[in-house]
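A.B. asks: no sequence on this one, just coordinates:
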């Protein structure tokens, strides 16, 4: 099962992620980071940016792969995931832009873009640490409920709920939100050597309970993390509120040897 770490707030979660990635960069300067957009990873990226600066880490050789991109949205659009990753990760951390990749959402090449992206990840040696957020319905990346747990990077149709959730980034106009995306599949995500899922707030409590303690099912795509050999779930008290065994998770983390890290 995944390791569950319950923290007081997003900043505490961010510090745990930052320490993990900083240790990785020191041991493997050309490591490959899996990058996610959305609100959940922001504190983690901010903490890592501070860590890079304070510890004078050389990140010039760090490589990155984003989880997903809207289909048909110009990469220069401020809400494209290319722009978002540049704004929230590449620039704050000082990564080399050419080493950070985002799926190609161009409509004229969308049929083959998924396969090409998976080949690119494999050619770079695979992802070392993949950061993940989670939707209220249990989706990770843009793998909506019902997605194959063996899926590779591919085009997906966004649910109406996801488009409504994301309309806030498009002037609250759902008509501006694309109907399709290209996303790493669950099978692609599961190939990363370490998965770190972050979730905060009451609205994520049910999805976290299904992910950690429910059955493994394509209708809660994040539940696939139960099958991963090295998955870490970092959540606040609100997101942990539905968990039956949260006292055990706290106990296990409090008594974990420091040398183990996460």
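C.D. replies: That came through, no problem. What you see is a predicted model, and the numbers here were worked out from it, not measured in a lab.
A.B. asks: C-alpha only now, for contacts and for neighbours.
C.D. replies: Fine.
A.B. asks: Shouldn't residue 188 be within a strand?
C.D. replies: No. Using DSSP: H, G, I helix; E, B strand; the rest coil, the assignment for residue 188 is helix, not a strand.
A.B. asks: got the contact list for it?
C.D. replies: Residues in contact with residue 188 (C-alpha atoms under 8 Å, 6 or more residues apart in numbering) are 118, 150, 151, 152, 153.
A.B. asks: just residue 137 next, same as before
C.D. replies: Neighbours of residue 137 in contact, by C-alpha under 8 Å, 6+ apart: 144, 145, 207, 220.
A.B. asks: what's the spacing between it and residue 119?
C.D. replies: To residue 119, residue 137 is 29 Å away according to C-alpha to C-alpha, to the nearest Å.
A.B. asks: try residue 169
C.D. replies: For residue 169, the distance to residue 119 equals 31 Å [C-alpha to C-alpha].
A.B. asks: Contacts only, for the residue nearest to residue 173 when sequence neighbours are not counted.
C.D. replies: Using C-alpha to C-alpha, 6 or more residues apart in numbering and skipping the chain neighbours, the partner closest in space to residue 173 is residue 167 (5.4 Å). Counting by C-alpha under 8 Å, 6+ apart, residue 167 touches 173, 174, 176, 177.
A.B. asks: Are any of those residues buried, and if so which?
C.D. replies: 174, 177 (16 or more other C-alpha atoms under 10 Å).
A.B. asks: got the contacts of residue 167 as JSON lines, with distance to residue 33 columns?
C.D. replies: Supplementary listing: the contacts of residue 167 in JSON lines, determined by distance: C-alpha to C-alpha, whole Å:
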{"residue": "173", "distance to residue 33": "32"}
{"residue": "174", "distance to residue 33": "31"}
{"residue": "176", "distance to residue 33": "30"}
{"residue": "177", "distance to residue 33": "27"}
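A.B. asks: hey, where'd the strands end up in the stretch 151-262 of the chain?
C.D. replies: 154-157, 180-183, 194-199, 231-236 (DSSP state E, counting those that start in this stretch).
A.B. asks: buried set for the first one?
C.D. replies: Spelled out, it's strand 154-157. Those buried within strand 154-157 under the rule 16+ other C-alpha under 10 Å are 154, 155, 156.
A.B. asks: Which residue is the nearest non-sequential neighbour of the first one?
C.D. replies: Leaving out its chain neighbours, the residue that sits closest to residue 154 by C-alpha to C-alpha, 6+ apart is residue 114, at 4.7 Å.
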